[in-house]
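Turn this into a model:
(4 chains)
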Number of protein chains: 4
Amino acid sequence: MTSIKALVLNASLKDSSEASHTEALSNEVLETLSKEDVKTETIRLADYNISLGISDDMGEGDEWPQIFKKVKEADILIIGTPLWLGEKSSLATLAIERLYGSSSETMENGQSIFYNKVGGVVVTGNEDGAKHAAASILYGLSHIGFVIPPNVDTYWVGEAGPGPSYMDKEGENSFTKKHIEMLAYNTLHLARLFQEHPIPAKGNLLE
Amino acid sequence: MTSIKALVLNASLKDSSEASHTEALSNEVLETLSKEDVKTETIRLADYNISLGISDDMGEGDEWPQIFKKVKEADILIIGTPLWLGEKSSLATLAIERLYGSSSETMENGQSIFYNKVGGVVVTGNEDGAKHAAASILYGLSHIGFVIPPNVDTYWVGEAGPGPSYMDKEGENSFTKKHIEMLAYNTLHLARLFQEHPIPAKGNLLE
Amino acid sequence: MTSIKALVLNASLKDSSEASHTEALSNEVLETLSKEDVKTETIRLADYNISLGISDDMGEGDEWPQIFKKVKEADILIIGTPLWLGEKSSLATLAIERLYGSSSETMENGQSIFYNKVGGVVVTGNEDGAKHAAASILYGLSHIGFVIPPNVDTYWVGEAGPGPSYMDKEGENSFTKKHIEMLAYNTLHLARLFQEHPIPAKGNLLE
Amino acid sequence: MTSIKALVLNASLKDSSEASHTEALSNEVLETLSKEDVKTETIRLADYNISLGISDDMGEGDEWPQIFKKVKEADILIIGTPLWLGEKSSLATLAIERLYGSSSETMENGQSIFYNKVGGVVVTGNEDGAKHAAASILYGLSHIGFVIPPNVDTYWVGEAGPGPSYMDKEGENSFTKKHIEMLAYNTLHLARLFQEHPIPAKGNLLE
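Residues are numbered from 1 along each chain as shown, chains lettered A, B, ... in the order given. Here you go, the predicted model:
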């Protein structure tokens, strides 16, 4: 068995000079995966200059291609997003748009390049919107070729209204802790399965 | 000034033999309105046999017409819903479908019968989904002719995962309390405004 | 290899005395599956008396248990829904609520009873809303234990505004035809895979 | 009566060196408003360097403040967005985030600075997603203080799958044409109403 690679795209609006609640939560997922010999990496999207547009490469100054190279190498892709007004962040939306810009690229067998990859999502907010953001992101990934295992939406949100954020409560919420484990193991189980048993190339070729 | 009427359609899955967290919250809105001489009423939708279909009257056994009669008389319509899997309830969805079934009915001036009415929403859950449910319901109301005032989505949800429900925490959350007041006053201010100054019948007739 | 069973829950608001555009589309998926020796069945939800509530059995008069028995036997579950005001139907919402009511039931190994099952969705409308409805339904299924393969949201909608429905255009839209095939084959490929290689019971037990 | 100002924020991913289907549609709304002596302006968001973050001014290099100055002067704000994977664009999401960053600013009377302003939305795509995008944007505006009149979601989308875009079909769809008129007149009617009769400052102050 060759090793599995997991990549987190953290769509926090803050660059890596600041702490990110979303990254604190996604790190817990990656720690669990690391124990199972998965190679893990996190990219803070706000550190990059990602151009607007539906294409794999928007040309001069666009740093998406170096991110996308790592997406192609990953077996597990996890999108991490904060919530603002109950929605995933603009950077998460941008990441989905850029992934969609490569949705017609195929492997040699004619399937989408995203086939046999497994998707998951991590959401944090000080209140409300996690399920809606997760549904949108997981749907986007599924629609372009990723497999969505069961229970791969891990999130933390607080009570209605302003209040504490994830790092203020880290490790206290047993529901979130349980889902960190489920996200890690279910993406891993399925990534391993598709590594040994790729999805047959019948009825699902792009051309 | 003739008096304003406010109607809550409570889309709890439980009938009125059981207590409803959503009703506890919507009652606080109605108490505020009552102090301003608004006539208020709540209908527990689960007490009625509401037929499936996109029509104002689905015929034998359909009890929607008696509910819809009160919608037509109301100046303020508030939909109350619980959250299940981060979505408004099936009964809330049914109520929107039935309202939509009358969306081509017009007043004498050719405007939708819902013009000059004002909409709002009350949502409760033990966790997550309120903004998504509110957006869906308020959009549905706006799309068929209601005016949506600012800040008319009042909700309470708890921290991620299973936990206490609204009545367990009633009156403790200052954000929710503030929004009870905003929902009540903003629906009232605009209902009064449209009673005195109806929306001009220009550019918005259905035929 | 034992045979695979596919079940469609058609959440049309019309009972089976009337033709359903959603069923016309889901039948095309099932025809493809039948050619691959899959046993197929469609349940028109509007033919049944399904009680409101979050439970596997709401007692007297509730006909959900006979539907749920078939869900448990199925390897592939496809929810079919029409669109009203851009949302899945109230019956689709009800089906998700009732499935959620069994989400804490486990197999002997401690996993959710929905593990190793594969989900998909079929949506029809005369206009707009398919992706939103698909995202909501697929998220609901994933959140309670189903695997979501790539490209399992098959839909047809027409141009903005009133206009023709699916059966008026059946077989004409190459995008929809392509996705009928992808839905059928990708649910089948993964159902077979999990039949031979169930998801390991590690890190994903409910208790 | 002083004159009414209408501002479109066009969240196309393309800058103004390229034609925008969304702008073609929003221009039709503005033409209708111009005939009624409304002062109109469109800002192509992709022409500006808008920083990420929840604040009215993110500092050096952030061009949002010059856009936001115009939002504050406008009586009618219309967000225009294309659809990608059934969602509003990342730039539309960014605009909502930045507006939200000023949601605690108040007028002298203590109400949100967005009170008495009226919101609307224009959506174009070659297929599906308009209602979902409209619901999200209108909810966001309502939640921060805008009034949402009836029927202010004007959109055009085509049949499922790739196909023509708005400018290929411009002026052909009577549903879209009708809604251009409704959006223009209903935002205008209500903007004029609130200019003469501002929302009373009772029960809706931020502090």
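
State the distance from A:I144 to chain D.
Distance of A:I144 to chain D, given as C-beta to the nearest C-beta, to the nearest Å: 8 Å. For the C-beta atoms, the positions are set from N, CA and C on the backbone; glycine is no exception.

was I right about that residue contacting A:F114?
Yes: using C-beta atoms under 8 Å, A:I144 is in contact with A:F114, at 5.4 Å.

since we're on A:N10, how many residues are nearby?
Here the number of neighbours of A:N10 (other C-beta atoms under 10 Å in any protein chain shown) works out to 28.

ok, it - contacts?
A:S20, A:T22, A:E23, A:S26, A:T42, A:I43, A:R44, A:L45, A:G80 (C-beta atoms under 8 Å, 6 or more residues apart in numbering or on different chains).

returning to that earlier point: give me the common contacts of A:I144 and A:F114.
Each of A:L99, A:S103, C:P150 lies in contact with both A:I144 and A:F114 under the rule C-beta under 8 Å, 6+ apart.

export those to JSON lines and tack on distance to B:I54, pLDDT and neighbour count?
Shown next, in JSON lines, are those (distance: C-beta to C-beta, whole Å; pLDDT from 0 to 100; neighbours: other C-beta atoms under 10 Å in any protein chain shown):
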{"residue": "A:L99", "distance to B:I54": "37", "pLDDT": "98", "neighbour count": "26"}
{"residue": "A:S103", "distance to B:I54": "35", "pLDDT": "95", "neighbour count": "18"}
{"residue": "C:P150", "distance to B:I54": "33", "pLDDT": "97", "neighbour count": "27"}
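
so of the residues you listed, which ones are in helices?
Mapping the shared contacts of A:I144 and A:F114 onto helices (DSSP state H) picks out A:L99.

got the buried residues for the biggest strand by length in chain A?
In chain A, taking DSSP state E as the definition, the longest strand is strand A:76-84. For strand A:76-84, the neighbour count (16 or more other C-beta atoms under 10 Å in any protein chain shown) marks A:I76, A:L77, A:I78, A:I79, A:G80, A:T81, A:P82, A:L83, A:W84 as buried.

next helix or strand past it?
Next along the chain after strand A:76-84, taking DSSP states H and E as the criterion, comes strand A:87-88.

Report whether that next one contacts chain D.
Yes: contact between strand A:87-88 and chain D, assessed by C-beta under 8 Å from any C-beta of the partner chain, occurs at A:E87, A:K88.

immediately after the helix or strand bottoming out on mean pLDDT in chain A, which helix or strand?
Using mean pLDDT, DSSP states H and E, helix A:166-169 stands out as the lowest-scoring helix or strand of chain A, at a mean of 92. Counting by DSSP H and E, the next helix or strand C-terminal to helix A:166-169 is helix A:174-196.

need the contact list for A:T93.
Taking C-beta under 8 Å, 6+ apart as the test, what A:T93 contacts is D:E87, D:K88, D:S89, D:S90, D:T93.

Just the strands from chain A, written as ranges.
Secondary structure of chain A (DSSP E): strands at A:5-10, A:39-44, A:76-84, A:87-88, A:118-124, A:153-156.

how far does the first one sit from the chain's center?
So that's strand A:5-10. Distance, stretch centre to chain centre, for strand A:5-10: 6 Å (C-alpha atoms, centre = their mean, to the nearest Å).

Quick check: neighbours of that strand in the sheet, parallel or antiparallel?
Take DSSP bridges as the rule and strand A:5-10 pairs in its sheet with strand A:39-44 (parallel), strand A:76-84 (parallel).

And the furthest pair within the buried residues of strand A:76-84?
By the measure C-beta to C-beta, A:I76 and A:W84 form the most distant pair in these, at 25.9 Å.

Most neighbours among the contacts of A:T93, please name it.
Most neighbours among the contacts of A:T93, by other C-beta under 10 Å: D:K88, with 31 neighbours.

what's the distance between it and D:A135?
10 Å (C-beta to C-beta, to the nearest Å).

buried set for stretch A:200-207?
Buried, per 16+ other C-beta under 10 Å, within stretch A:200-207: A:P200, A:G203, A:N204, A:L205, A:L206.

Can that stretch be said to contact chain C?
Yes: using C-beta under 8 Å from any C-beta, stretch A:200-207 reaches chain C at A:P200, A:K202, A:G203, A:N204.

Dump the contacts of A:T93 into a markdown table; add pLDDT and distance to B:A184 as well.
Below are the contacts of A:T93 laid out as a markdown table (pLDDT from 0 to 100; distance: C-beta to C-beta, whole Å):
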| residue | pLDDT | distance to B:A184 |
| --- | --- | --- |
| D:E87 | 97 | 33 |
| D:K88 | 97 | 31 |
| D:S89 | 98 | 35 |
| D:S90 | 98 | 36 |
| D:T93 | 98 | 31 |
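
which among these gets closest to A:E60?
Closest approach between these and A:E60, by C-beta to C-beta: D:S90, at 19.6 Å.

any idea how far the closest one lies from D:W64?
15 Å.
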